[in-house]
Structure formats: C-alpha cells, structure tokens
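> Structure for the following, please:
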Amino acid sequence: MKKNIAILMGGYSSEYQISLKSGNVVYQHLNREIYNLFRVHIFPDKWVYVDDNEAEFPVDKHDFSISPKGEKINFDAVFIAIHGSPGEDGYIQAYLDLLNIPHTSCGFYQAALTFNKRDCLSVLKAYGIPCAASFYINKGDIINTSYIVAKVGLPCFVKANKAGSSFGVSKVHKEEDLPRAIEYSFKEDDEIIIESFLDGTEVSVGVIQYRGETMVLPVTEIVSENDFFDYNAKYLGQSQEITPARLSAEMTAKVSEIAKKVYDILKLKGFSRSEYIIVNDIPHLLEINTIPGLTTESILPQQAGVAGISLKELFNNAVEEALKK
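Here you go, the predicted structure:
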C-alpha cells in the first residue's frame, strides 16, 4: 500500500515564497509509484491541503489530517520544506513529534538551536569550531556604535539573529551607517548579531543522511557579483556557485571534516548546509541551515547532482530515512 506523504511549504517569514518553490520541486520529483503526495501550505491564517486544481481543504490541527472528500487521510510521514518559521526553528518538528508523525528534518531542539545564530555559534565555539568575532544586540538595548566597531571592526555584517536567505542582512563600511543597518535587521527579528568581516573564500557544504550513513556532499564555492552573498546573489542569479569548489584536496578534506563534525556535534538529521569563509587556510563557520533551499537552482541539490544523486533519489531517500524513525 502506498504511503501518504505530506509536503509542507510556505511558512510565517519572508522566506515563504522560496519555500513554496522548494516544496513544489519536492512534489514534482518524489516517486508517485510508492507515495501518495499531498501539498500542504502552512501560513499564519490557514493550514490547507492544496490539490492539483489549486482547491484548498483545511488541515485538522488536532491530528494533522485532511478530509478532502469527506474521508479522513492521515500521513505516514512529512517532508518539511518550510524555510524560516515555523519549519526551520523547531515548532513544526515539535508538533509532529507530539503526534508521533515521522518527518525529514532534524529534531525540534536542533532546529531551534541552529536557527538561532547567536546560540548555535556559542555552542560550537566551545568545541573549537572557528567563527568570526561577534557582538549581540536585543531590541531596546542602548547602541554604542564606537564600542561595536572596537569589538568587530569595519567592515562588518549586521544580521537578524533568527532569519535566513539573507533577509535583514547588511554589510556596513562606516560607523555612521550602523544604526540604519541595525534598524533594517530589527524588521526581521528582535535580536541582532553583528560579525566581523572575513576576507577569504566563501564555501557551502551540504551534509545529509543517505542510505543510513552521514554523507558530506561536494563543496560549493560562492563568488557573489554583489558586495556579499545577499538575496539577489542567492536567488536571482547574481553569483557564481562553483561545484566542486576550486580548493586543494587538503582544504576540501578539511572543510568537509569540519562540516561533518558540526553535523555530528549538534546531532543533526536529514539535510543540512553550512557556510564557511576560509581565511589563512582556516574555515570559519558562518551559519547552518537545516532546511536549505531545494529548488533546482539551490546549492544542496546542485551538490547532490555532482555527487551523482538525482533529485528523485535525494528526496525519496529523505522520506525513506524518515520512515525508519
């Protein structure tokens, strides 16, 4: 009998449009011969199953079921393709765990931790993972720009602490521009992380569970046409994403080893993509995404392709790993 698989997409953050693209790519490539597939849109004002005619049917949040034709359908597993909240910050994972429904993501605690850049970097620094110098601000704090510059230097990056896809991120070259950048980040989150600029080679490393084993995918080098790897560079083609990265064999092995170490330290599951800047032969961790983009243009699917893993195989494997739980 076919398994019923819900593909969750949408979300409550600025990333919902990218999530819809990711979710629909998953929907197009999962194996329909062994799965019954259901697109589920998660938005602040509605949770709905959307059929192929774009008709919407409400989700019963008590048991996460649908009844599109009057007959209740429960799900055997859930493929989470929600970037940002509530998919990448642990809320959906905790909800599904309470209902004992397997899903393709890491656990709720790991999702919440990795989504919080400040807390995640603090944990990993204790394990010797190199990171940029940083400074933290909560909304309402008194802002002393000279103190911030003394701590992280210029230029620096001002980021929303709990947001992804380069929303709420600015590169600041002058101290007088800091207040405006901080206010911009506060539009995405009430916590901000300000990090020193690292002048080096930027790379992205995908790590997945594949056929029961942890697998590091080929490393991607990111060359942005803009001042940094912002939203336009990430999603509108204003960057070069070179896979495999133009690194020595030794450096490729080094950054791959760190990425796997991070995955293991945090006890991650499913997909992850971590970003690094290599300075003086030392990879410095920037952040970790536990539900990375899954569009055909996204980095992790590109890496899987170079490793010889098709989108169909990549997504089917994720569901099969979830069903083992």
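
> Show me the helices in the stretch 51-200 of the chain, by range?
The residue ranges that make up the helices of the stretch 51-200 of the chain, judged by DSSP state H, counting those that start in this stretch, are 91-98, 108-115, 117-125, 145-152, 178-186.

> Next, format those as CSV and append mean pLDDT.
What follows is those, written out as CSV (pLDDT from 0 to 100):
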stretch, mean pLDDT
helix 91-98, 98
helix 108-115, 97
helix 117-125, 96
helix 145-152, 97
helix 178-186, 96
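
> Between the ones you listed, which one is closest to Pro218.
Go through the helices of the stretch 51-200 of the chain one by one with CB to CB and the one that ends up closest to Pro218 is helix 108-115, at 21.7 Å. For every residue, glycine as well, the C-beta is placed using N, CA and C.

> Just the angle for the closest one relative to helix 91-98, thanks.
Taking axes from the mean of the first three to the mean of the last three CA atoms, to 10 degrees, helix 108-115 and helix 91-98 form an angle of 170 degrees between their directions.

> and helix 108-115, what does it pack onto?
Helices and strands touching helix 108-115, as assessed by 3 or more CB pairs under 8 Å, 6 or more residues apart in numbering; DSSP states H and E, comprise helix 91-98, helix 117-125, strand 282-289.

> how about it: buried residues?
By neighbour count, and taking 16 or more other CB atoms under 10 Å as the criterion, the buried residues in helix 108-115 are Phe108, Gln110, Ala111, Ala112, Leu113, Thr114, Phe115.

> from the residues you listed, which single one is nearest Pro283?
When the buried residues of helix 108-115 are ranked by distance to Pro283 (CB to CB), Thr114 comes first, at 17.3 Å.

> Go ahead and confirm the closest one touches Thr290.
Yes - under the contact definition of CB atoms under 8 Å, Thr114 touches Thr290, with a separation of 5.2 Å.

> Mind listing the shared neighbours of those two?
Common contact partners of Thr114 and Thr290 (CB atoms under 8 Å, 6 or more residues apart in numbering): Glu88, Cys106, Leu268, Ser272.

> Turn those into TSV, including neighbour count.
Putting those into TSV (neighbours: other CB atoms under 10 Å) gives the following:
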residue	neighbour count
Glu88	29
Cys106	27
Leu268	24
Ser272	27
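
> Pull the residues that contact stretch 106-118.
For stretch 106-118, with CB under 8 Å, 6+ apart as the criterion, the contacting residues are 85, 88-91, 93-94, 97, 105, 119-120, 123, 134, 136, 159, 161-162, 164, 191, 193, 266-270, 272, 287-291.

> domain ranges for this structure?
Following automatic domain parsing, one finds the domains of the chain at 3-104, 113-130+199-323, 134-196.

> So for the longest one, first residue to last residue, what's the gap.
Going back to what we said before, that points to domain 113-130+199-323. Distance between the two ends of domain 113-130+199-323: 24 Å, counting by CA to CA, to the nearest Å.

> Mind checking which residue lies nearest the centre of the chain?
Asn289 (2.9 Å; CA atoms, centre = their mean).

> which stretches of the stretch 201-325 of the chain form strands?
Across the stretch 201-325 of the chain, reading from the start of the chain, the strands by DSSP state E, counting those that start in this stretch fall at 201-210, 213-216, 220-224, 239-242, 272-279, 282-289.

> who wins for proximity to Tyr12 among the ones you listed?
When the strands of the stretch 201-325 of the chain are compared for distance to Tyr12 using CB to CB, the nearest one is strand 282-289, at 16.9 Å.

> now for the closest one, which elements pack on it?
With contacts defined as 3+ CB pairs under 8 Å, 6+ apart, the packing partners of strand 282-289 are helix 108-115, helix 117-125, helix 249-265, strand 272-279.

> again, 7 Å this time
Counting by 3 or more CB pairs under 7 Å, 6 or more residues apart in numbering; DSSP states H and E, the packing neighbours recorded for strand 282-289 are helix 117-125, helix 249-265, strand 272-279.

> Which of those sits closest to Asp52?
Among the helices and strands packed on strand 282-289, strand 272-279 sits nearest to Asp52 (CB to CB), with 30.1 Å.

> what angle sits between that closest one and helix 249-265?
Using the same axes, to 10 degrees, strand 272-279 lies at 140 degrees relative to helix 249-265.

> For strand 272-279, buried residues please.
Ser272, Arg273, Ser274, Glu275, Tyr276, Ile277, Ile278.

> Could you do stretch 289-304 as well?
Buried residues in stretch 289-304, defined by neighbour count with 16+ other CB under 10 Å: 289-295, 298-304.
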